[in-house]
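**Q** Provided below are the primary sequence and the corresponding predicted coordinates.
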Amino acid sequence: MQVIWNSQNPVTSNYILNELKEQRKWQLSTLMTSLKRLSDKGFVNCDRSTGNNLYSFLIPENEYKISESKNFLKKLYNNSIQNMVATLYNNKAVKNSDIEELRKFLDKLEEDKI
């Protein structure tokens, strides 16, 4: 999805595969399976009218992230950000510096509200 979101125009599967070659060692068949699933879920459109399959996103990146973040928080932490942060902190998955960064961010949000 990231390759498609970052592209200004619809892209081919070969373009996507080339962009991913440093991150994943996928065969074209693996990519095609993933693209088919993304298309079935309504995330990607495949335009077959040109002779080359051209892929474009149907869901903007930010919209997708918001939706998936809400689902993640609901499924794993009963819609509680506090539970999520506490779990990560208690299991040393976040550092004190991460908590400080979060505190500054929340303080900034509060200041902007006033």
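**A** Great, that's in hand.

**Q** Please give me every residue in contact with the residue positioned nearest the centre of the chain.
**A** The centroid of the chain falls nearest to K65 when counting by Cα atoms, centre = their mean (5.4 Å). Shown in contact with K65 (Cβ atoms under 8 Å, 6 or more residues apart in numbering): no residues. Every C-beta, even on glycine, is put in place using the N, C-alpha and C of the backbone.

**Q** Now do the buried residues in the helix or strand containing it.
**A** Per DSSP states H and E: K65 is located in helix 61-77. Buried positions in helix 61-77, judged by neighbour count with 16 or more other Cβ atoms under 10 Å: Y77.

**Q** which residues sit against the helix or strand that that helix is followed by?
**A** Toward the C-terminus, helix 61-77 is succeeded by helix 81-90 as the next helix or strand (DSSP H and E). The contact list for helix 81-90, computed with Cβ under 8 Å, 6+ apart, reads 73, 76-77, 93-94, 99, 102.

**Q** Can you lay out those as a markdown table showing distance to R48 and pLDDT?
**A** Compiled in a markdown table, the contacts of helix 81-90 are given as follows (distance: Cβ to Cβ, whole Å; pLDDT from 0 to 100):
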| residue | distance to R48 | pLDDT |
| --- | --- | --- |
| L73 | 37 | 96 |
| L76 | 38 | 96 |
| Y77 | 41 | 96 |
| A93 | 44 | 93 |
| V94 | 45 | 91 |
| I99 | 50 | 90 |
| L102 | 46 | 93 |
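
**Q** which one among those residues gets closest to V11?
**A** Proximity of those to V11 was ranked by Cβ to Cβ; the top entry is L73 with 31.3 Å.

**Q** got a list of what that closest one touches?
**A** By Cβ under 8 Å, 6+ apart, the contact set of L73 is 79-81, 84.
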